[in-house]
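Engineer: Below is the sequence, then the predicted model.
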Amino acid sequence: MTRKLLIRDVTLRDGQQSLFATRMKQEQIERVLPIYKEAGFYALEVWGGAVPDSIMRYLNEDPWERLEKIKKEIGTISHLTALSRGRNLFGYNPYPEEVIEGFNRNAVQSGISIMRIFDALNDTSNIKSTIKYVKENGGLADCVTCYTVDPKFTKKERLKARLKGKPLPKAIFSIDYFVNMAKELEAMGADMITLKDMAGLIPPLKAGKIIKAFKENVKIPIDFHTHCTPGFGLASALTAIMNGVDILDTAILNFAGGPAAPSFELVQILCTKLGIETGVNLDAVVRINKILKDIRLEMADVDSYKVYPIEFDITKDRLPAHIDNYFNEAIEFAIANDESGLMDVCGKIEKYFNFPDPDEKVKFAEVPGGMYTNMLAQLKQLKQEELLPRVLQVIPTVRLAAGCPPLVTPTSQIVGAQAVNCVIDENRGNPFYTNNSIQFVNLVKGSYGKTPVPVDPDFREKIAGTREEVPYNTAKYEKQVNQSFPQYGENVKLASNEKEELLLELFPMVANIFLYDKVERIYGTKLKESELQKQRAYEAEVQKYLNLSSEEKQARLIDGLYHWT
């Protein structure tokens, strides 16, 4: 019986988010939807992540309308999938149950059939309620184990810690760590498990070993998601396939590679050579890819790379003999567990297809690309970019002190920003942790959930003023004000239905502006009084910001600008 590999296409969410900050307009999405209907992918990732925030913020478009229009076109041909952060949804702090329930119910009713649920701390308790609400409403719960690397300490640092009687841990994120989490999620009701490597840091042999261990220890389908940032993506996808992965995340050629996911076309060539069926209509993929090239050119001003893959029609173009042979060699190296040879030939394949070169800085530093660039931006703003090498040295120390959180958004940004703060403290002759962001304090305090290793009580007391872990108390949650517009009618409100109320709860600043403009569009000419109200609201927000401490301002900056990677 021929083996089948299911493909989750991430082009319309993760692909565009990775390459050009989620700027695809509804009109551009609609150009490719009829062909996607023909393509027959197992699933299409189209929503969640940065989509709701970005399309309101930059395109003045309604996130719910986007999802519903995609569902209307695709129907039941492919599952529609979204990404959310469990109890935290799209923010930092956990939300009350009614917000989590309302979001997931409306997401499923509007078209999402698979909700991918992750937690930045790999704390399964933060995922539990979302599993319940997704399944209650007829959706499938795709539960994530976030891949991350262990802190990288020098021999000198390890020796120094041992002499102090506090030896540094060698292996926190072992294969057993990920397997135990996958088994726990299966027991909680997960319908599938995704090994999600958001930073693209998983090397091929490690990817293969974890996938194999998952297949041996859990009964539900296994998905693999990775990126190509430091150059591992295609090679790791191949080892995942050869170790039995059920579902693989890919993006179509013109939206693949670099910081994005591996290319479907390259995966398809490997599958054909391995005798594995994907069930995807390749003619449709070729037609989608041509339109995607036009769309990338239309968005050149926000394109991170402006490096475009070669023109390639997988249905008829023949590869040069030596390039075709690289695919054969890749399979041979994967079988032989020759990681060096595998990486070499996969690099040659991607070079031929003109994908961006691997980011060696990210590969060496073993931090996500977004974390690296955000730290550099923070230092440039202070005109102290020469401190970056020291910041990279300090990251493991800061991370371990905070309970060794995975390096995924938002914890990667919290740790990175705090490492910058510590090095600036040091440069000024002050001890580490003289200046702490609110997010770092909350992470250490326990507001975001349980960290992979416990935080030292002495350190927690120093940073957060308490020796005991203090979970976030949702009883103190204050619902956003739903402004009334009596000048337009007795019952006219900023959010006119539950979906708009959810936007207001999840993205308060962005949704306020978006919904305000929507009210004005619907109810006609802008009134002077409304303009004054808007101006006063804006001035109040500005004043509120100006009254914050410098640490709080920095925290808002991180929260506002670096919400997702």
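Structural biologist: Happy to help now that I have it. Numbers count the residues shown, from 1 in each chain.
Engineer: any low-confidence regions in this protein?
Structural biologist: 524-535, 538, 545, 549-565 (pLDDT under 70).
Engineer: how about the strands in it?
Structural biologist: Under the criterion DSSP state E, strands of the chain are mapped to 6-9, 43-48, 79-84, 114-117, 140-146, 192-196, 222-225, 247-250.
Engineer: So which elements touch the last one?
Structural biologist: Using 3 or more Cβ pairs under 8 Å, 6 or more residues apart in numbering; DSSP states H and E as the contact criterion, the elements in contact with strand 247-250 are strand 6-9, strand 222-225, helix 233-242, helix 264-274. In short, each C-beta sits where N, CA and C put it, glycine included.
Engineer: strand partners of it, parallel vs antiparallel please.
Structural biologist: strand 6-9 (parallel), strand 222-225 (parallel) (DSSP bridges).
Engineer: Please, where are all the helices along the stretch 1-150 of the chain?
Structural biologist: 16-20, 26-39, 51-59, 63-74, 97-109, 128-136 (DSSP state H, counting those that start in this stretch).
Engineer: For residue 428, find the nearest of those helices.
Structural biologist: Of all the helices of the stretch 1-150 of the chain, it is helix 51-59 that lies closest to residue 428, at 35.1 Å by Cβ to Cβ.
Engineer: now that closest one and strand 43-48, what's the angle there?
Structural biologist: If you take axes from the mean of the first three to the mean of the last three Cα atoms, to 10 degrees, helix 51-59 sits at 60 degrees to strand 43-48.
Engineer: Report the buried residues of helix 51-59.
Structural biologist: Neighbour counts over helix 51-59 (16 or more other Cβ atoms under 10 Å) mark 51, 52, 53, 54, 55, 56, 57, 59 as buried.
Engineer: What is the burial count for the closest residue to the last one other than its chain neighbours?
Structural biologist: Sequence neighbours aside, residue 25 is the residue nearest to residue 59 in space, at 5.7 Å (criterion: Cβ to Cβ, 6 or more residues apart in numbering). The burial metric for residue 25, expressed as a neighbour count using other Cβ atoms under 10 Å, is 16.
Engineer: quick one, phi/psi of residue 336?
Structural biologist: phi -80, psi 0 (degrees, to the nearest 10).
Engineer: give me the number of residues near it?
Structural biologist: 10.
Engineer: With residue 465 instead?
Structural biologist: Neighbours of residue 465 (other Cβ under 10 Å): 10.
Engineer: Out of the helices of the stretch 1-150 of the chain, flag the one nearest residue 299.
Structural biologist: Using Cβ to Cβ, the helices of the stretch 1-150 of the chain put helix 16-20 closest to residue 299, at 5.1 Å.
Engineer: Quick one: list the elements packing against the closest one.
Structural biologist: Contact here means 3+ Cβ pairs under 8 Å, 6+ apart; on that basis helix 16-20 packs against no helix or strand.
Engineer: circling back: export the strands of the chain to TSV and append columns for mean neighbour count and distance to residue 514.
Structural biologist: Output for the strands of the chain, formatted as TSV (neighbours: other Cβ atoms under 10 Å; distance: least, Cβ to Cβ, whole Å):
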stretch	mean neighbour count	distance to residue 514
strand 6-9	24	28
strand 43-48	25	16
strand 79-84	25	19
strand 114-117	26	23
strand 140-146	26	28
strand 192-196	25	29
strand 222-225	26	29
strand 247-250	26	29
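Engineer: Need the ones you listed in a markdown table (columns: distance to residue 472).
Structural biologist: As requested, these are exported to a markdown table (distance: least, Cβ to Cβ, whole Å):
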| stretch | distance to residue 472 |
| --- | --- |
| strand 6-9 | 32 |
| strand 43-48 | 22 |
| strand 79-84 | 17 |
| strand 114-117 | 18 |
| strand 140-146 | 20 |
| strand 192-196 | 23 |
| strand 222-225 | 27 |
| strand 247-250 | 31 |
